[in-house]
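Enquirer: Sequence and predicted structure below; questions after.
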Amino acid sequence: MMLLTTAPPDLSLPILTHTHSSSSQNPNSLFRSFTLSRPQFPSISALSFRRPRALPAALLQHDDDWDSSNVAQSDAFDFERCFASTDVKHLASPKLEVRELDELPEQWRRSKLAWLCKELPSHKSGTLIRILNAQKKWMRQEDATYVAVHCMRIRENDAGFRVYKWMMQHNWCRFDFALATKLADYMGKERKFAKCREIFDDIIKQGRVPSESTFHILVVAYLSAAKGEGCLEEACSVYNRMIQLGGYQPRLSLHNSLFKAIVSKPGSSAKAYLKQAEFIFHNLLTTGLEIHKDIYSGLIWLHSYQDTVDTERMASLRKEMQEAGIEEGKEVLVSVLRACSKHGGVEEAENTWLRLLRLDAGLPSQAYVYKMEAYAKVGEPKKSLEIFREMQEYLGSVNVVAYHKVIEIMCKAKEIEIAESLMADFINTGLKPSMPAYIDVMNMYFNLSLYAKVESAFSQCLELCRPSRTVYCIYLDSLVKVRNLDKAEEIFDYMQSNGAIGVNARACNTILSGYLSAGDDFKAEKIYGLMCQKMYDVDPPLMEIINSFLSLRKKPDKSRISMTLTKEQREILVGLLLGGLRIESDDDRKNHMIRFEFSENSSAHAVLRRHIYDQYHEWLHPSCKFGENTEHIPYKFSSISHSYFGFYANQFWPNGRQMIPKLVHRWLSPCVLAYWYMYGGYRTASGDILLKIKGSEEGVQKIVRTLKTRSLDCKVKRKGRVFWIGFLGSNSTLFWKLTEPYILDDLKHVLKSDGESSENSTGSNETMNFASGSDSDENVSDNSDDDRN
């Protein structure tokens with residue numbers, strides 16, 4: 001009989017670990033080799049927090065992705081190396097005791113268990129499960145627990161995890177809290193956060209509270225994950241539950257590492273984590289732990305990036321720093337300047353400027369930009385220009401952020417000659433991107449009714465950079481103002497046909513107003529139908545005119561149309577689903593929600609997300625629809641929950657797990673392949689094209705056979721549940737010719753198969769050796785996608 005004892009929650013027990021002995025491969029000596037020792041957690045300084053890579057210069061021409069704080073300067077918080085803490089408080093964990101093998105009365109059972117302990121770790125997942133299934137008639141919980149613990153002892157934790165999951169599927173299984181905790185801790189220490197989280201969730205579902213060690217290790221595993229997308233959010237969630245659900249007091253190092261992960265992100269991304277950072281600060285304060293100066297500085301830095309700055313809170317934090325005897329460094333002073341630039345605190349900005357000068361650490365370029373903006377807020381654009389000239393003289397050169405800011409200030413002040421002069425200087429420097437400056441200049445011309453200059457600036461913008469939708473919308477507005485409807489219609493049609501630009505409610509309202517003013521009811525009705533289909537809001541004055549002529553002609557109200565996907569939307573959706581798009585279903589599987597998720601590290605996804613947002617605008621959840629003044633479409637948004645998506649959920653995500661549909665061979669059109677490539681594939685440095693997919697080997701073989709009927713030969717590489725389909729050499733060129741008509745114009749230079757190097761075009765730029773066989777499942781990192789689902 002297996003003995004299981006669990007330590008009370010308030011006791012601090014050392015964690016059970018294993019040591020190798022000369023008989024470590026002998027299952028009979030399994031539990032004699034257990035020893036008690038402190039768990040070895042990685043030092044916080046060893047954790048790596050990757051920042052998103054900058055996009056290629058050409059792609060930064062899009063104003064929707066533009067953030068001036070991320071260009072030509074680093075806006076991530078700068079930590080001291082000594083920030084990491086090395087406290088070694090014991091963590092509570094249940095104690096696991098199991099009967100030894102030689103205590104079992106049946107000889108045949110001892111022999112079978114010894115054979116399983118020797119055989120299972122050497123097999124992949126599928127074979128391991130088949131072997132276990134063959135033991136169903138005699139194997140029970142004590143036997144499965146013995147095998148799982150043996151796998152952990154010899155460091156075959158993946159095999160132990162599979163035995164555990166197999167055991168949990170049987171009705172004779174009684175949940176073993178101590179075993180689950182031990183296995184979760186080992187998986188977390190190996191940075192296999194998905195499997196650790198799976199066991200963590202099992203513990204929660206059983207109505208138990210995970211041990212302190214499991215909470216701690218899972219947070220660290222998330223923070224140290226190589227692919228950090230979504231991991232920080234999960235780390236914060238587990239940290240919060242550790243305190244609120246478990247009632248534990250995390251170690252100082254855990255507080256510090258989570259806070260560091262937050263402020264290691266760029267300011268524009270990190271500002272969303274302000275409440276979490278304040279919660280960490282509150283926990284440090286209430287538990288009496290030491291608060292490092294970088295915690296104060298980082299919190300002030302986060303506050304300064306908020307759209308509405310809480311100046312009182314910033315002042316309170318600075319006062320606490322002074323009371324603690326901590327001097328304000330450059331990071332704090334620059335943060336204060338950043339806050340002043342948002343509320344126009346000129347006097348405080350000048351005082352802070354003088355303190356920066358006294359630091360003798362050199363004036364950062366962003367300090368000049370914030371000071372310029374502060375004076376612009378109080379209506380002194382000429383003073384901002386003087387600061388810009390001082391920056392040129394002091395630093396010797398000016399970065400792109402400063403040029404953008406001073407041109408923006410002069411344009412808002414309607415200083416035409418100065419703005420034009422600065423714009424000419426900026427263009428001559430060759431700095432990129434120049435498109436945000438063109439937007440400011442064109443807006444100035446439009447507001448001053450200088451429509452000829454709007455057209456001139458638009459033409460120049462076309463020559464020097466790839467204009468965004470905003471540039472086209474300003475030009476469209478000017479054409480309608482001067483009643484050049486033929487040209488306006490041409491521009492609108494081009495926007496609609498170009499997937500990387502597209503139309504929005506602003507463009508539709510503009511062209512609609514032009515048609516109504518010209519009395520062209522037929523074209524106006526057509527645009528109105530498009531707006532109803534995409535669920536764009538019609539301006540109230542225009543709506544009154546439309547209602548009047550529709551009522552006279554007794555036309556039905558087009559605003560009440562049934563929700564359905566077009567042929568193009570259906571093909572795009574299939575391509576995205578093959579590339580890994582997720583669908584979530586409710587408990588009854590009646591309604592389904594599409595989760596559109598794009599990688600911040602992918603240059604292709606930066607362009608694709610805008611196009612997909614427009615394509616499925618009418619299907620988006622209201623919380624994901626943003627006003628037309630929004631300059632940034634998020635990397636994650638979702639559709640409404642609707643029964644219409646049931647077909648796709650049943651085909652691609654049955655039981656919440658990604659699969660390859662049986663009818664996939666019918667759907668592999670060039671359009672589907674193109675969107676699969678843009679979303680879930682990438683081009684290698686040698687010009688080969690790789691497509692990623694999850695599912696069964698049978699499904700992949702069906703895809704390969706279908707592609708061969710189109711003269712597309714490919715090779716397959718397997719890594720766990722992830723398959724890579726590779727088009728090598730001339731086959732990549734054939735694939736490109738097939739899909740090119742459906743590739744977005746702004747991505748063709750990134751994805752074209754021409755043998756040139758591309759920088760992380762759509763995903764992780766890893767090397768695939770298709771000459772070798774499939775990688776064993778044991779060698780696949782749990783940080784990879786095959787562990788996410």
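Expert: Okay, I see it.
Enquirer: what's the distance between G695 and L712?
Expert: 19 Å (CB to CB, to the nearest Å). Yep, even glycine has a C-beta here, placed from its N, CA and C like the rest.
Enquirer: Revised request: answer the last question for G207.
Expert: 53 Å.
Enquirer: Was I right to think P121 contacts R155?
Expert: No: checked against CB atoms under 8 Å, the pair P121 and R155 is beyond contact range at 9.2 Å.
Enquirer: Show me which of these two is the more surrounded one.
Expert: Per other CB atoms under 10 Å, whichever of P121 and R155 has more neighbours is P121, with 21 against 15.
Enquirer: Looking at G207 and L712, which has the bigger crowd around it?
Expert: Neighbour count, other CB under 10 Å: between G207 and L712, L712 has more, with 18 against 7.
Enquirer: So what's the predicted local confidence for the more buried one?
Expert: Listed pLDDT for L712 reads 89.
Enquirer: My guess is it contacts L738. True?
Expert: Yes: using CB under 8 Å, L712 makes contact with L738 at a distance of 7.4 Å.
Enquirer: what about the protein, any weak spots by pLDDT?
Expert: For the chain, the stretches flagged by pLDDT under 70 are 1-76, 78-90, 92, 226-229, 552-562, 627-631, 753-789.
Enquirer: What segments of the stretch 451-600 of the chain are helices?
Expert: 451-464, 469-481, 485-497, 505-518, 521-534, 540-552, 567-578 (DSSP state H, counting those that start in this stretch).
Enquirer: if we compare those, which one ends up closest to F723?
Expert: F723 sits nearest to helix 567-578 of all the helices of the stretch 451-600 of the chain, at 11.0 Å, using CB to CB.
Enquirer: now F637: how far from T181?
Expert: 37 Å.
Enquirer: more neighbours, these two?
Expert: T181 (26 against 21).
Enquirer: What's the local residue count around Y296?
Expert: Neighbours around Y296, by other CB under 10 Å: 20.
Enquirer: Which residue is the nearest non-sequential neighbour of it?
Expert: Distances taken as CB to CB, 6 or more residues apart in numbering place M321 nearest to Y296, at 4.8 Å, with adjacent residues excluded.
Enquirer: after the host helix or strand of the one you found comes which helix or strand?
Expert: Assigning secondary structure by DSSP states H and E places M321 in helix 311-323. Downstream of helix 311-323, the next assigned helix or strand under DSSP H and E is helix 330-343.
Enquirer: neighbouring contacts of that next one?
Expert: 77-78, 296-297, 300-301, 303-305, 307-309, 311, 314, 318, 321, 345-346, 348-349, 352-353, 355-356, 359, 361, 364, 366-367, 369-374, 377 (CB atoms under 8 Å, 6 or more residues apart in numbering).
Enquirer: In helices, which of those fall?
Expert: 296-297, 300-301, 303-304, 311, 314, 318, 321, 346, 348-349, 352-353, 355-356, 359, 366-367, 369-374, 377 (DSSP state H).
Enquirer: Tell me the buried residues within those residues.
Expert: 296-297, 300-301, 303-304, 311, 314, 318, 321, 348-349, 352-353, 356, 366-367, 369-374, 377 (16 or more other CB atoms under 10 Å).
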